[in-house]
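Student: Need coordinates for the below:
(chains A, B, C and D)
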There are 4 protein chains.
Amino acid sequence: MSSTWGNHIKISIFGESHASAIGVVMDGVPAGTRIDEDKLYAFMKRRQAVDPAISTPRKEEDIPEFLCGVKDFVAEGTPICMMIKNNNVRSSDYSDVSHIARPGHADYTGSVRYDGFNDYRGGGHFSGRLTAPLVAAGGICKQILESKGIAVFSHIYSIKDIYDTPFDLATVGKAEHEKLSGKQLAVLDEEAGTKMRELIINTKQNGDSVGGVIECAITNLPAGIGSPMFDGLENKISSIVFGIPAVKGIEFGNGFAASKLFGSENNDEFYYDEKGNVRTKTNNHGGILGGISSAMPLVFRAAIKPTATIGTSQDSIDLDTHQNTQIIGKGRHDPCIVPRALACIEAAAAIAVLDEILNDK
Amino acid sequence: MSSTWGNHIKISIFGESHASAIGVVMDGVPAGTRIDEDKLYAFMKRRQAVDPAISTPRKEEDIPEFLCGVKDFVAEGTPICMMIKNNNVRSSDYSDVSHIARPGHADYTGSVRYDGFNDYRGGGHFSGRLTAPLVAAGGICKQILESKGIAVFSHIYSIKDIYDTPFDLATVGKAEHEKLSGKQLAVLDEEAGTKMRELIINTKQNGDSVGGVIECAITNLPAGIGSPMFDGLENKISSIVFGIPAVKGIEFGNGFAASKLFGSENNDEFYYDEKGNVRTKTNNHGGILGGISSAMPLVFRAAIKPTATIGTSQDSIDLDTHQNTQIIGKGRHDPCIVPRALACIEAAAAIAVLDEILNDK
Amino acid sequence: MSSTWGNHIKISIFGESHASAIGVVMDGVPAGTRIDEDKLYAFMKRRQAVDPAISTPRKEEDIPEFLCGVKDFVAEGTPICMMIKNNNVRSSDYSDVSHIARPGHADYTGSVRYDGFNDYRGGGHFSGRLTAPLVAAGGICKQILESKGIAVFSHIYSIKDIYDTPFDLATVGKAEHEKLSGKQLAVLDEEAGTKMRELIINTKQNGDSVGGVIECAITNLPAGIGSPMFDGLENKISSIVFGIPAVKGIEFGNGFAASKLFGSENNDEFYYDEKGNVRTKTNNHGGILGGISSAMPLVFRAAIKPTATIGTSQDSIDLDTHQNTQIIGKGRHDPCIVPRALACIEAAAAIAVLDEILNDK
Amino acid sequence: MSSTWGNHIKISIFGESHASAIGVVMDGVPAGTRIDEDKLYAFMKRRQAVDPAISTPRKEEDIPEFLCGVKDFVAEGTPICMMIKNNNVRSSDYSDVSHIARPGHADYTGSVRYDGFNDYRGGGHFSGRLTAPLVAAGGICKQILESKGIAVFSHIYSIKDIYDTPFDLATVGKAEHEKLSGKQLAVLDEEAGTKMRELIINTKQNGDSVGGVIECAITNLPAGIGSPMFDGLENKISSIVFGIPAVKGIEFGNGFAASKLFGSENNDEFYYDEKGNVRTKTNNHGGILGGISSAMPLVFRAAIKPTATIGTSQDSIDLDTHQNTQIIGKGRHDPCIVPRALACIEAAAAIAVLDEILNDK
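Tutor: Below you'll find the predicted structure:
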C-alpha cells in the first residue's frame, strides 16, 4: 500500500501492465464540473507513443471508459471510475525472462515486497503504463484549474546534456504556454529539439536509452494556497510526482542551484506592482514560500532516469535458480520516455495543486 | 493544514517561534521501546547552535519534556507528547518590522494563507525552530531503527561550491558513519570542512548567508520496504523532508545526474554475492526501485537554500501601509543553517523509513 | 467525499445504481491470499434477492469481474479492482418521478449536496446496490479472517416485533454459526423465522415495508486488537457499518440495555479458565473494552429501518416545480431488506476487523 | 494507534490520567476564529464534578493552557495546543491493585495491546479524564458552529429506567436549548431530574453505579452537509462518539425504534413550508438521509454504561500472578458519569459536524 493519494481529490489507481484493465477511481471532483472530452483525450495522447521514431511501437488507444460518476461529461460529484482496457498485450515478450530481474526495474524489489505473488509481466503494477489513469485523472484536474484561469504546462528542460531554453522563473506564462502547445517535442528552442530527437534516434539504434529533465510551470495560481510543514505545495507535489516511475529527483524554483548562492543573491525582493499586486523581482523561490504559493509562477523540475529496459546484454540474477545470469531487454520500449512523461508530470502537478486549492477553498 | 504526518508513526507538530512552547505528539511508537535519553539529547544538540562562530547566538536548551506516553524512558505505546518551552525569546527583534515581509520568508504567504492572523514573530509556525520537535521525534525513530541494525547518518555534501568527498553510493556504510560521528562539522574531507567553515565565517562578516547540500544515507535497510506509486520511499521521504524550511530540492541515488546518462550507464546490474545476497554492482538507484528498498544503501541529497535573513538592506513591502520599503534583518540568525540541518534531515528520514517499516511489518 | 475507507485494507467504492458498472478498488490485501471463488460468490448471493416471495424481482448476477490484482484467484498484493456490470437496469421506472423526492431516500439531500448534478436514478450512488462491491470486498476479508480461525456471522435478531433467539453473548460460537449456515432466512428459531416470513409477505401485499435488527458475531478474535480513543473496534466498525444505507443505530454487547443496569450487574468479572485463558463470566461488554478486543465474542447489533420505497401514496415535493405533490413508489423493491442486509453487515464487520488486525500485526 | 481524528479539524489527544499532563493538538481551526474564554471554561466545567453528591470528589481545575496557535484568544490558523496539567493525582489509590484487572475497564485489554508497557494508573490513556481535552477541542468547535447559527445541546434522556421528556424530533430547537442551559442536571422534566438524582445518590450509597442515555440535538444545520457511504454524518459522529469511554451504542433519529415500524409509519413526508423551505412532517430520520443533512434537527442518542468502578467486591484476575482473585474499587469515581458525559457528547458531535461543514464549504 498504497496507490491511493489525496485529501480532497482522492485517487485510487489500479491495474497492471498485462491485466485485463487499468484505471482510476477519483473521489472529490466537484459536482457540475464539465469535462471537455476532446481535450482530455488530446492530453492523454501526449503520454502515448506518437512519434514512432523515438517511441515504443506498442500502441494503446487508451481511451478511458467512464464507468460512473459522469453524465454527459458532467461530473455528478460522486466517485468517477475511468477504466482503460488492456488490448495490445504481448506477454510472450516477458515469459522467458520472467524469472530474471531486469536491472533498473522493480522486478526484484517487487518480488521481495509481495513474496513473489505480484504480476511481473511488463512490470505489473510498477509499469509506466499505470501513468495512463494518472494522466486521465490529472487531465480532469487540469481542466478544473483552467476554468479558474490556472495553467499547467511543461517542456523538456534537457535530454542528457542537450538543454532547451529554460523557463524564466519570474516571467514564464502565456507566451511559453502557447509556444509549447501542440508540439510533438515540447521545447522552446527548435534547434535544441532537433538535436534531442537525433540523440534519441541514435540512442535507439545503439539499443540504449537516455534520460532527461522536465520543467513544469503552474501559472496564475493565487497566493495563499498550501500549508506549512507537511502539507506544503512542495510536499504534496513531490509526494505524487515520485509516483511516476523513473523520477529520481525534484527541485522547486532555483532548486539545487540555490545551494550555490549567497542569501543576498537567492532572496527574492518583494514589491507592489503598479496594480498593487505583490510580486518578487526574481523568483528563485519558484512561487512557494513556507509551502504556500506566492502568486509568482510555480516552477519545478523533475529528473527522469533513462529507460531501464535496453537492448544490450546486462548482468543480472535469476530469481528462480538463484544464479547469476544475463538479460537482454525485449518487449517494446521507449529509448527515452521524457517526451511522454511531460503529460504525467503535468497531471501529477495538476492533481496536487487542485487538492490544495480545494483544501483552502 | 497540516502539521500532521504519517500512517504508523503519526506526528503532530505544534508551536511557534515565540509562543510559550513548541512540541510534538507522536502516536504509534511501539510499546516497550526503550529511549536512550542521553543519545536523544545529543542528537537534538546537533541541530542547535554549537559553534558560535558559524551559528546564531540564540541559545535554547531544547530539552524536550515528556508530558506523557513514556515511563522511565520506556514507551507505553500510547501517544507521546514532548514539549519544549520557549525561554529565550526576544520578540522585540521583530516588533518594529512586523509589518514588513522578509524576503525569502513565509511572512507574506503566511499572512495571505491565514488572513493576517498568524503569529509573524520569528516566523511563527514557519520558523526553523519548529524542527526541534521534528528532531526529537526523529531521534526516537532513529533509535528504533538502530535497534534493528539500520543506521541513518549524513554529511555536508557541499556549502556553496565547496564539496566534501561524496558518499560512494554502492559502499557507504559503517566506515563513513564512524568517521562522521561526533564531528561539529560533519564532513569526510577535513580540508573541505576547513574551507567551508572559513566561507561561512566570511559570509557572516559580510552580513550575508550561504546554502548547501546535505547527503543522507540509510544503511542496512532490508529489501522489500516501501510500496508502489504514492507510498514509495521516495514519496514518503520527500513528503516529510520538504517540511524542513529551506529545502528546495531532493534527489535519490544518482538523482539529477541520472538524467545525463545512457541507460547502459545508469542501470545497476544485479548479482548474488558470495553469501547469496542480492546486490547491485553500482547503486545509481540509491537503494530504491519502484519505491521499494533494494537493500543497497538508501542515499538522497537535499538542497538547502541560503538563510533568508541577512544583515544587508533589501527591498520589500509593508503589509500594513501597502508601500514599497526596505528591510534589514535583525534577529539572531545563522549565516548557514546547513550544519544544523543535518539532524533535521536525518530525523525526517528516520521517521519516514520507520513509518514504512511498520507498514510492512 | 468520501467512498474511501480504511488504513490497511483501503477500499474505494464506485458506481451508481443505473451507471454502466459499480465496483471497488481494494488496496492492502496481503500478497498470496488465496480467494475461494465459490465461497465468495456464495457470500455475494446472500445479499441478492433469492426468495422471490420476500424480495425484489430485480435480478442481478452480481458476479464481480476481477480487473486486476489477482492471478488464478491469488492476490498479488497490489490493488484489486472488482467490477460488477449493471445489466438489468430499468431507468424508465424512475424517469417520471425523477424530480419528486422519495420520502426516506437521499434524493433531496443528495441533490442539495451535489447541486442537482448527481444521478438520481435508482438512488444513484446512494443506492443499496452499492453494497454489492462492499460485500465483494468484505467477502475476501472474511476469508482472510477465516484462515486465521476468526468467524464472522449474523442472524436476524428481529423483524418488527418478532424476535429470534438472541445470541448468548458469552458463549456464541460454532454451534450458532453452523446452525445459521446456508439458511435462506438466517434465524436460530425456525418458528420465529416462519412468522417473520409471513409478516414480510403480508407487508408486501399491503404495499408496505418493514424493518428489523441484525445481530452479528465475530468469534475467536484474539485479545489486544484495536486501539484507544478513535481507532477502537467500536469506532471502526460503526464508521463502516453506517455506510450501509438504512442502518440507523448500532450497539455493542449489551448496548442500550447497559444503560438500564447497575454497574454491579453490567460489569463482566474476569477469571482464568482451566487452560489459563482470560475470560469473563458474562459478556455485556461484547468483546470490546477500551476499544480493544478481550477475546470474548465480539457482538453488535445494527438497526435497519424499513425500506423507504413503498407502494402507497405519500406526500412529497417536486424539486423542479417547487410544489407539494404526491408519489407512489414504483421500481422493484424489497418489502424488507433485512435478510439481504446480513451479508452487508458481515462484510463491513470483516473489513473493519481485518483492518485493525493488520494495524496491530 | 490512534488518538488522532479528523480531516479538516484534526485533533491529536495525548496524556494519561496520572501523567504530568493531558492535552490536545488541533489543526485546522480557521484563522481569525475568536474564542470566548469564559464560555469555553464554562463548557469544560460541565464535564467536571460539580455536584458533590453525585460525582467523584476528585477535583481538577481543568483550565487548559494554550501553548500556541492562539493570540489574545484569536486562532492564528496554525495548530493549537491546549495542555491541562494533572495536579490532583493520587496514584496510591491504584498502586496496590495495579496488577488486578478492574472489571469493565481496559486494564486487561490495554495490557495485551501494549504488552504491559502502558500506564495502568487511573486507566492511563483509557481514562475518562482524556475527555477533558476532547471537550476543550469540542468547545472551540461548538463556538464556531454557534457563530454560524448552529446549536449543539443535549439532555439526559434516561438514567436507568427513569426517563426525561424526550426531544420532539421534528420540532426540537431554541425552547429546549434555553430550558436546558445552565442546569446542573440537564433535564426537561424537573420531576424526572429529581428522581434521577435520588437514584444516583442511593446507588452511590450502595457502592454501586448506574448508566443512562444521552440525547443530543444539532439544530439549524443547513441541508447538504455530509457525504455518501463512509463520510456520512452518522459515520463521522459515531466514529468520534465511540472515543468516549463507556459509550456502547448510538442511534440516529428514530434509531432502533425504526426497526419496529412499517415503512409507511417511518418515512418522513416532505413538504415546502410557507417560506418555501423543504421540511419533513415527522423526523424519524433524525436530520440525516444518505449520510447528508436534511436541515431537520439532527438528533442522536448514545448509551452510557454504568461506571465500571464500583465499591463492592468483584471477582477478577491478577495479571502478575495469573491467579483468580477479588477486587474492590477504591479511587475517586462517579456513581454515574452521565451528567458529566453530556459535555463530552456535545463536544464530539460539534467536532464531527464542523469537520463535515469544513469539508463541504
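Student: Quick one: residues contacting the residue nearest to residue A:308 when sequence neighbours are not counted.
Tutor: Sequence neighbours aside, residue A:104 is the residue nearest to residue A:308 in space, at 2.9 Å (criterion: C-beta to C-beta, 6 or more residues apart in numbering or on different chains). Using the backbone N, CA and C atoms, a C-beta is placed for each residue, glycine as well. By C-beta atoms under 8 Å, 6 or more residues apart in numbering or on different chains, the contact set of residue A:104 is A:305, A:308-309, B:263, B:266-268, B:285, B:289.
Student: Pick out whichever of those sits closest to residue A:320.
Tutor: Nearest to residue A:320, judged by C-beta to C-beta, of the contacts of residue A:104 is residue B:289 at 19.1 Å.
Student: need the contact list for that closest one.
Tutor: Per C-beta under 8 Å, 6+ apart, neighbours of residue B:289: A:104-106, A:108-109.
Student: near chain B, anything from the host helix or strand of residue A:218?
Tutor: Assessed by DSSP states H and E, residue A:218 sits inside strand A:212-219. Yes. Applying C-beta under 8 Å from any C-beta of the partner chain, one finds strand A:212-219 in contact with chain B at A:212-213.
Student: how distant is that strand from the center of its chain?
Tutor: 10 Å (C-alpha atoms, centre = their mean, to the nearest Å).
Student: pLDDT on it, on average?
Tutor: Here strand A:212-219 scores 98 as its mean pLDDT.
Student: So which elements touch that strand?
Tutor: strand A:151-159, helix A:174-180, strand A:298-304, helix A:338-360 (3 or more C-beta pairs under 8 Å, 6 or more residues apart in numbering or on different chains; DSSP states H and E).
Student: Quick check: what element follows the first one along the chain?
Tutor: Downstream of strand A:151-159, the next assigned helix or strand under DSSP H and E is strand A:162-163.
Student: what mean pLDDT would you report for that next one?
Tutor: Computed over strand A:162-163, the mean pLDDT rounds to 98.
Student: List of residues touching it?
Tutor: With C-beta under 8 Å, 6+ apart as the criterion, strand A:162-163 contacts A:157, A:192, A:195-196, A:199.
Student: Return the subset of those lying in helices.
Tutor: Counting by DSSP state H, the part of the contacts of strand A:162-163 found in helices is A:192, A:195-196, A:199.
Student: neighbour-wise, which of those residues leads?
Tutor: residue A:196 (26 neighbours; other C-beta atoms under 10 Å in any protein chain shown).
Student: And the pLDDT for it?
Tutor: Residue A:196 is given a pLDDT of 97.
Student: And it, how far from chain D?
Tutor: The gap separating residue A:196 from chain D is 44 Å, by C-beta to the nearest C-beta, to the nearest Å.
Student: ok, that residue - contacts?
Tutor: A:156, A:159, A:162, A:164, A:185, A:187, A:212.
Student: pretty sure residue A:63 contacts residue A:38?
Tutor: No. Distance between residue A:63 and residue A:38: 11.5 Å, which falls outside the contact criterion (C-beta atoms under 8 Å).
Student: Tell me which of these two has more neighbours.
Tutor: A direct count of neighbours by other C-beta under 10 Å for residue A:63 and residue A:38 places residue A:63 higher, at 14 against 7.
Student: residues from the stretch 151-300 of chain A in reach of chain D?
Tutor: Counting by C-beta under 8 Å from any C-beta, the residues of the stretch 151-300 of chain A near chain D are residue A:228.
Student: Give the closest residue to residue A:315 in space, chain neighbours not counted.
Tutor: Leaving aside its chain neighbours, residue A:315 sits nearest to residue B:269 (4.1 Å; criterion: C-beta to C-beta, 6+ apart).
Student: Among the contacts of residue B:289, which ones are in helices?
Tutor: Using DSSP H, the contacts of residue B:289 in helices are A:108-109.
Student: now, among the contacts of residue B:289, which is nearest to chain C?
Tutor: Nearest to chain C out of the contacts of residue B:289 is residue A:106 (C-beta to the nearest C-beta; 11.0 Å).
Student: quick one, what contacts the closest residue in space to the closest one that isn't next to it in sequence?
Tutor: Of all residues not flanking residue A:106 in the chain, residue B:290 sits nearest, at 2.5 Å (C-beta to C-beta, 6+ apart). Counting by C-beta under 8 Å, 6+ apart, residue B:290 touches A:105-106, A:109-110, A:126, A:245, B:228, B:232.
Student: repeat that for 10 Å
Tutor: Going by C-beta atoms under 10 Å, 6 or more residues apart in numbering or on different chains, residue B:290 touches A:104-110, A:113, A:118, A:123-127, A:245, B:226-229, B:232-234.
Student: about what we covered before: is the next helix or strand after the strand holding residue A:218 anywhere near chain B?
Tutor: Counting by DSSP H and E, the next helix or strand C-terminal to strand A:212-219 is helix A:233-241. Yes. With C-beta under 10 Å from any C-beta of the partner chain as the criterion, chain B is reached by helix A:233-241 at A:233-241.
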